[in-house]
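> how would this look folded up:
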Amino acid sequence: MNVTAGLFTRQPFCRAGAAQHRSVSRVSAILLVNGCARVGSCHKRNSSSPFSQHPSKKHISIAAPPAAAWLPGHSCNPKSLLTAAAADADGNGSSNNIGAQQNGQSSAAAAGREYDYDVFVIGGGSGGVRTARTAAAHGRRVALVELPLDFMSSADKGGVGGTCVLRGCVPKKLMLYASEFASEAKAGKGFGWVDGTAGTLDWQYFLKVKREELLRLNKVYKNNLTKSGVELLEGRGKVLGPNEVVVDGKSYTTGNIVIATGGQSSRIPIPGAEHAIVSDKVLELDSIPKVVTLIGGGYIGMEFAGMFARLGCEVHVVARQELPLVPRFDLEVCRFFMEQCSGASGIHMHMRSNPTEIVKEADGTFTVKLEPIKKDKDNKDKGISADASGNAAGVTEIRGNQQVVLATGRSAKTKGLGLEEVGVEMGLKGSVKVNEYSQTNIPSIWAVGDVTSRMALTPVAIMEGQALGQTLATGEKVAPCYDAVPSSCFSWPFVGTVGLTEEQVKDKGMSFEVYTSTFTPLKATLAAGGLPDNIIQKGFAKMLVELGTGRLLGIHMVGEDAPEIVQGYALALKLGVTKQQLDSVVGVHPTAAEELVGMKGPARVVKAEENKDKKQQQSQAEPPMGSAQKAR
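Next up is the predicted model:
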């Protein structure tokens, strides 16, 4: 094969509508001449894949709009992929299989019922914007409605860009950058920087420049929609029927409706919960609290805990679970992460504690009252107990808080959309139930992103939007692929993961090897000289390998470079790289990434038979469901 630009490896491609797959050279990355379109890759995994969600379906991978990773209707050889991507990038792409939706008409319009639009998207976050732009790039008539802009989300306020851009990922990362200057300055004392302080953070100035950046991004999103041919409406959209949407009193008809309204912070029903704030407000605080308690040990709680700790605040985390970040992250990783949080990071971890009340004191501070959750004899040896986190056992209250943050999860933002009234089937926490193609029980209504409660990550919402946009534009159903999706928690330290956790591999009944490495980053030894008690923050790397085949099943890291590292390894897992192949790679020295290259071991081998025996023993040890259990 003679191609002038790109990286190629042997892997089967898939083509929507094809009865079989053809083995050709797989395009992993292609840079087009105009520099604006990237072609990713797609393939149909066989049923033996440990990652496969829908092994018999067609999948796409994520790339930049409007061309996408894989282009349904186009031939799967590299030359035609290049040609098709270039055409679609210029807005001139076409599909051979769009059926009754050709020439900008929906199937209903082709049957004689003309609609105002082919696609009407409610919600201007990452998933909604990608859906709209992708469909419009193929010539569909698309409208998108979003609430007026505000940095605090409400029933009447939102903004194009959605949670991630305006009150989530982006402002959170900006706040993280601001906090890192403080922690880095302290660490600098260990390298000889005498003052060991970054000075005083002008919080009001930070809020000003942060808002300016968010407004800039909001404008970019709007411009991109307009350039793609999407009609942008401002207001509150509501579904009136399978093919009708009303925006602030004005009705529009459409062949398809896409719900992409995202999620919102949840509040736990305890006395005094009204005194606490949620994540939106954290990013808009008037001042930095000296003492803060975060209720919730998941992504949001631990990320804000790390930022506040870097800024020198006294930070407490209260959570009902045994360890932070479970069950989304590997249990061993969570255990190591907690040790670093309560050690070098100085975060007070109150695990297995139930918050019962938030009391506002006369001096304006808040007291969080706790009720420790006692272990029973069946799980006394699992994980880390509350008193192993550096706190006194049996803590019943945390006093002197200037802020209390509820980070107890999120729910779908669907109230008032009219979905129940038109018969859309709903799921837990107000989420919209969809099939693998993001379609609801009503054929003309679809949903993507956090509103579906599938995998609440921005890149996943974009992937879902890309797949749905192609489905709606071409008439050829395309399913998003959730194989080996990487994710990270930007706490202190960072945590990165891609692939399966050890617990997930065991549940699949597989035999596997576990490789681990606890290491001290080169920077950490001297940096500890500027930190309280000279505690060294260590790193951790973990690799799961299928026994026999040597195929990589999961990569997990704890450390400051973990997010960047796992992003690269996501491709390795997608391509089915083996441990033997990884061992042949030369590492970059000195880096944290080299810890994963040529790991020696394994630390332990887990066989499927042993997993099966343990499950049987646990099942036999459990008493039958009786009145005592029901009473619990």
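> C-alpha from now on. contacts and neighbour counts both.
Fine.
> return the residues in contact with Glu560.
492-495 (Cα atoms under 8 Å, 6 or more residues apart in numbering).
> go again with 6 Å.
493-494 (Cα atoms under 6 Å, 6 or more residues apart in numbering).
> okay, it and Gly539: tell me how far apart.
Counting by Cα to Cα, to the nearest Å, the gap from Glu560 to Gly539 is 8 Å.
> state the distance from the nearest residue to Ser126 once chain neighbours are set aside to Ser266.
Nearest in space to Ser126, with sequence neighbours left out and distances taken as Cα to Cα, 6 or more residues apart in numbering, is Ile462 at 5.7 Å. To Ser266, Ile462 is 23 Å away according to Cα to Cα.
> between the two, which has more neighbouring residues?
A direct count of neighbours by other Cα atoms under 10 Å for Ile462 and Ser266 places Ile462 higher, at 25 against 16.
> pLDDT wise, what is that one at?
What the model reports for Ile462 is a pLDDT of 97.
> which other helices and strands contact the helix or strand harbouring it?
In this structure, Ile462 is located in helix 458-474 according to DSSP states H and E. Helix 458-474 sits against helix 126-137, with contacts defined as 3 or more Cα pairs under 6 Å, 6 or more residues apart in numbering; DSSP states H and E.
> could you spell out the sheet neighbours of the next helix-or-strand element following the helix it packs on, each with its direction?
For helix 126-137, the following helix or strand on the C-terminal side (DSSP H and E) is strand 142-146. Using DSSP bridges, the strands paired with strand 142-146 are strand 117-122 (parallel), strand 231-234 (parallel).
> just tell me which of these ends up closest to Ile555.
strand 117-122 (36.3 Å; Cα to Cα).
> before we move on, the earlier item: tell me which of the strands paired with strand 142-146 sits most buried.
Burial of the strands paired with strand 142-146 is given as mean neighbour count (mean count of other Cα atoms under 10 Å); strand 117-122 ranks first at a mean of 28.
> between helix 458-474 and it, find me the angle.
Orientation check (axes from the mean of the first three to the mean of the last three Cα atoms, to 10 degrees): strand 117-122 against helix 458-474 gives 160 degrees.
> which parts of the stretch 101-250 of the chain are strands?
117-122, 142-146, 231-234, 237-241, 244-247, 250-259 (DSSP state E, counting those that start in this stretch).
> make TSV from the ones you listed and add distance to Leu176 and mean pLDDT to it.
As requested, those are exported to TSV (distance: least, Cα to Cα, whole Å; pLDDT from 0 to 100):
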stretch	distance to Leu176	mean pLDDT
strand 117-122	31	98
strand 142-146	28	98
strand 231-234	31	98
strand 237-241	34	97
strand 244-247	37	98
strand 250-259	31	98
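> residue contacts, the residue lying closest to Arg130 once chain neighbours are set aside?
Sequence neighbours aside, Gly465 is the residue nearest to Arg130 in space, at 5.1 Å (criterion: Cα to Cα, 6+ apart). Residues near Gly465 by Cα under 6 Å, 6+ apart: 127, 130-131.
> among the residues you listed, which one has the most neighbours?
Ranked by the number of neighbours (other Cα under 10 Å), the contacts of Gly465 place Thr131 first, at 35 neighbours.
> average pLDDT across stretch 208-221?
98.
> again, but for stretch 407-420
Stretch 407-420 comes out with an average pLDDT of 95.
> can you give me the buried ones in that stretch?
407-414, 417-419 (16 or more other Cα atoms under 10 Å).
> strands - which of the residues you listed land there?
410-412 (DSSP state E).
> closest to Asp330 out of the residues you listed?
Closest to Asp330, out of all of these and judged by Cα to Cα, is Arg410, at 21.5 Å.
> tell me the phi and psi of Gly306?
Dihedral pair for Gly306: phi -60, psi -40, per degrees, to the nearest 10.
> rewinding a little: so of the strands of the stretch 101-250 of the chain, which one's packed in deepest?
Most buried of the strands of the stretch 101-250 of the chain, by mean neighbour count (mean count of other Cα under 10 Å): strand 117-122, with a mean of 28.
> and that one with strand 237-241, angle?
130 degrees.
> any idea how far strand 117-122 is from the middle of the chain?
26 Å (Cα atoms, centre = their mean, to the nearest Å).
> could you do stretch 330-349 as well?
Going by Cα atoms, centre = their mean, where stretch 330-349 is centred and where its chain is centred differ by 21 Å.
> strands of the stretch 401-550 of the chain, start to end?
Here the stretch 401-550 of the chain has its strands, by DSSP E, counting those that start in this stretch, at 403-406, 410-412, 445-447, 479-480, 487-489, 495-499, 512-519, 539-546.
> the closest residue to Glu231 other than its chain neighbours: what's it in contact with?
Distance criterion Cα to Cα, 6+ apart; nearest residue to Glu231, sequence neighbours excluded, is Ala143 at 4.6 Å. Ala143 makes contact with 120, 230-232, according to Cα under 6 Å, 6+ apart.
> which one of these is nearest Ser183?
Leu232 (42.6 Å).
> partner residues bridging the nearest residue to that closest one once chain neighbours are set aside?
Closest residue to Leu232 in three dimensions, ignoring its sequence neighbours and counting by Cα to Cα, 6+ apart: Leu144, at 5.1 Å. On the basis of DSSP bridges, Leu144 is bridged to Val121, Leu232.
> do you know how far Leu144 is from Ile565?
Leu144 is 36 Å from Ile565, by Cα to Cα.
> and the longest helix for this protein?
helix 203-227 (DSSP state H).
> does Gly158 really touch Leu147, like I thought?
Yes: counting by Cα atoms under 6 Å, Leu147 is a contact partner of Gly158 at 4.9 Å.
> give me the common contacts of the two.
Joint contacts of Gly158 and Leu147 (Cα under 6 Å, 6+ apart) do not exist.
> whichever strand or helix holds Val605 - contacts with which helices or strands?
Per DSSP H and E: Val605 is located in strand 604-606. Strand 604-606 sits against strand 512-519, with contacts defined as 3+ Cα pairs under 6 Å, 6+ apart.
> what angle do the strand it packs on and strand 539-546 make?
170 degrees.
> in strand 512-519, what's buried?
For strand 512-519, using 16+ other Cα under 10 Å, the buried residues are 512-517.
> what residues does that strand touch?
538-547, 602-606.
> what do you get for stretch 298-313?
176, 179, 182-183, 290-291, 294, 325, 407, 489-492.
> what about 8 Å?
175-176, 179-180, 182-183, 279, 289-292, 294-296, 314-317, 324-326, 341, 345-347, 406-409, 489-493.
> before we move on, what about stretch 489-502?
Contact with stretch 489-502 is made by 51, 299, 302-307, 310, 329-331, 337, 340-341, 345, 483-488, 544, 553-563, 565-567, 569-570, 573, as judged by Cα under 8 Å, 6+ apart.
> mind checking which of those residues land in strands?
487-488, 544, 553-558.
> okay, those residues in JSON lines with pLDDT next?
Listed next are the ones in strands among the contacts of stretch 489-502 as JSON lines, based on pLDDT from 0 to 100:
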{"residue": "Ser487", "pLDDT": "97"}
{"residue": "Ser488", "pLDDT": "97"}
{"residue": "Leu544", "pLDDT": "98"}
{"residue": "Leu553", "pLDDT": "98"}
{"residue": "Gly554", "pLDDT": "98"}
{"residue": "Ile555", "pLDDT": "98"}
{"residue": "His556", "pLDDT": "98"}
{"residue": "Met557", "pLDDT": "98"}
{"residue": "Val558", "pLDDT": "98"}
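> and the residues you listed, which are buried?
Judged by 16+ other Cα under 10 Å, buried ones among the ones in strands among the contacts of stretch 489-502: 487-488, 544, 553-558.
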